[in-house]
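**Q** Mind looking at a prediction? Sequence and model below.
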Amino acid sequence: MSNTDRQPEEVECGASAPGSGVEVIEAREVPLGGPRAMTVRRTLPTHERSMIGAWCFADHYGPDDVSATGGMNVPPHPHTGLQTVSWLFEGEIEHRDSAGVQAPVLPGELNLMSAGFGISHSEVSTPRTERLHGVQLWLALPDRVRNAHNGFQHYVPPVVDLPDVRSGGPGGTVKVFIGSLAGSDADVTTATPLLGAELVLRPGARVTLEVDAAFEHGALLDTERLLFDGVSLNRGDLGYMGPGHGGLRLHNPTEEPARVILLGGTPFGEDIVMWWNFVGRSHEDIVEYRAEWEARTERFGSVDGWRDEQYLPAPPLPTTRLKPRKRSPQ
């Protein structure tokens, strides 16, 4: 997915310091295009927080009535220095990229695209899609691999049962699409230690998850309400917990199932600059990437089925040197 802000803010991010407690980040709404466009709820990056581990971008959307909004129609756009993670709850999206990959994005199936040195891709909801609902996530690549070749991974995680901590009976389910949790290991390669999972908790359920205490974690709520380590989250909120916790407590106090995307990772140990769809290390990197995209160089290639004039143009650069966005104290 593209960052459609026409005046995107640059982001320079560093490692997080260990912290305690839960920080609640409320989403801001961003339209993907014109007046009938689908709206997404963005929680990363914000002024409050830039990253969770290597997770540097999080859009949550739907359930969206495609007949009313036209669904997702994002023409070819570029990426550098990151991986895109596509995860759907409902609907279908067609992915095409300049490496020649054409693949559907389907509910419960992970599509992970590595941009590396550079790639371009398009994302369009299919004609048979009536409702579109899911998340689009980005991972920053560390310096040692950020200029590597691009790539694509697909993975269908199994459904694993979670016990209720009070009754010992069924408390919910988890699909681990990156990393390891609840005895489930995803067959997916990432450049840094990470966790990505979809959890569905039964009404009233309480679940405790054993996690890596070296990770920081985020819980992105898709449904109406959830208690994350005792702190209330509303729909679209992202609850953040810093490193130093070996267990996460989730409680669904409602009478309906609760769905949450759990993100985690070791604090990212490098400073990055993120602007529009690019992740780099300096102002000069971003200027170079933008110029090459506008010139349609070989770095980004071409996507089958699209004319050059349909490609998404880059926003204008700021008139001053790109500066870091300061992160809040942990």
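**A** Thanks, I have the structure now.
**Q** where does the protein have low pLDDT?
**A** Filtered on pLDDT under 70, the chain yields the residue ranges 1-20, 33-37, 323-330.
**Q** try 90 this time
**A** Residue ranges of the chain with pLDDT under 90: 1-21, 31-39, 46-48, 68-70, 269, 271, 318-330.
**Q** For it, which segments count as helices?
**A** With helices called from DSSP state H, the chain shows them at 66-69, 283-295.
**Q** can you name the farthest residue from the center of this protein?
**A** Each residue of the chain has a distance to the centre, and by Cα atoms, centre = their mean the biggest one is for residue 167: 33.6 Å.
**Q** one step back: out of the helices of the chain, deepest packed?
**A** Sort these by mean neighbour count, taking mean count of other Cβ atoms under 10 Å, and helix 283-295 sits at the top with a mean of 17. The C-beta positions use only the backbone N, C-alpha and C, and glycine is treated the same way.
**Q** who does that helix touch, helix- and strand-wise?
**A** Applying 3 or more Cβ pairs under 8 Å, 6 or more residues apart in numbering; DSSP states H and E, one finds that helix 283-295 makes contact with strand 272-275, strand 278-280.
**Q** Including distance to residue 160, could these go into JSON lines?
**A** Shown next, in JSON lines, are the helices and strands packed on helix 283-295 (distance: least, Cβ to Cβ, whole Å):
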{"stretch": "strand 272-275", "distance to residue 160": "33"}
{"stretch": "strand 278-280", "distance to residue 160": "32"}
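**Q** Now tabulate these in a markdown table and tack on mean neighbour count.
**A** A markdown table is the format used below for the helices and strands packed on helix 283-295 (neighbours: other Cβ atoms under 10 Å):
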| stretch | mean neighbour count |
| --- | --- |
| strand 272-275 | 25 |
| strand 278-280 | 25 |
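**Q** Can you check which of the ones you listed gets nearest to residue 213?
**A** Smallest distance to residue 213 across the helices and strands packed on helix 283-295 (Cβ to Cβ): 24.4 Å, for strand 272-275.
**Q** What helices and strands are in contact with the closest one?
**A** Taking 3+ Cβ pairs under 8 Å, 6+ apart as the contact cut, strand 272-275 packs with strand 11-13, strand 55-65, strand 278-280, helix 283-295.
**Q** redo that, cut-off 7 Å
**A** Under the contact criterion of 3 or more Cβ pairs under 7 Å, 6 or more residues apart in numbering; DSSP states H and E, strand 272-275 touches strand 11-13, helix 283-295.
**Q** Please state the offset of that strand from the chain centre?
**A** Centre-to-centre, strand 272-275 and its host chain are 15 Å apart (Cα atoms, centre = their mean, to the nearest Å).
**Q** which neighbours does that strand have in its sheet, and in what orientation?
**A** Taking DSSP bridges as the criterion, strand 272-275 forms sheet pairs with strand 11-13 (antiparallel), strand 278-280 (antiparallel).
**Q** Next up, the contacts around residue 166.
**A** Taking Cβ atoms under 7 Å, 6 or more residues apart in numbering, we find residue 166 in contact with residue 206.
**Q** all strands of the stretch 51-200 of the chain, in order?
**A** For the stretch 51-200 of the chain, the strands defined by DSSP state E, counting those that start in this stretch cover 55-65, 73-79, 82-90, 93-97, 102-105, 110-114, 119-125, 131-140, 151-155, 160-163, 170-178, 180-181, 184-185, 194-201.
**Q** I'd assumed residue 79 was in contact with residue 277.
**A** Yes. Residue 277 lies in contact with residue 79 (Cβ atoms under 7 Å); the separation is 5.1 Å.
**Q** Can you report how many residues lie near residue 70?
**A** The local packing of residue 70 (other Cβ atoms under 10 Å) involves 15 other residues.
**Q** Look up how far residue 168 lies from it.
**A** Residue 70 is 47 Å from residue 168, where distance means Cβ to Cβ, to the nearest Å.
**Q** Show me how the protein divides into domains.
**A** With domains defined by automatic domain parsing, the chain comprises 24-157+287-301, 160-265.
**Q** how about TSV for the ones you listed, with distance to residue 314 added?
**A** Below are the domains of the chain laid out as TSV (distance: least, Cβ to Cβ, whole Å):
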stretch	distance to residue 314
domain 24-157+287-301	5
domain 160-265	26
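**Q** rewinding a little: dump the strands of the stretch 51-200 of the chain to a markdown table, plus distance to residue 305.
**A** A markdown table is the format used below for the strands of the stretch 51-200 of the chain (distance: least, Cβ to Cβ, whole Å):
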| stretch | distance to residue 305 |
| --- | --- |
| strand 55-65 | 23 |
| strand 73-79 | 9 |
| strand 82-90 | 18 |
| strand 93-97 | 6 |
| strand 102-105 | 9 |
| strand 110-114 | 17 |
| strand 119-125 | 8 |
| strand 131-140 | 20 |
| strand 151-155 | 17 |
| strand 160-163 | 38 |
| strand 170-178 | 27 |
| strand 180-181 | 37 |
| strand 184-185 | 36 |
| strand 194-201 | 29 |
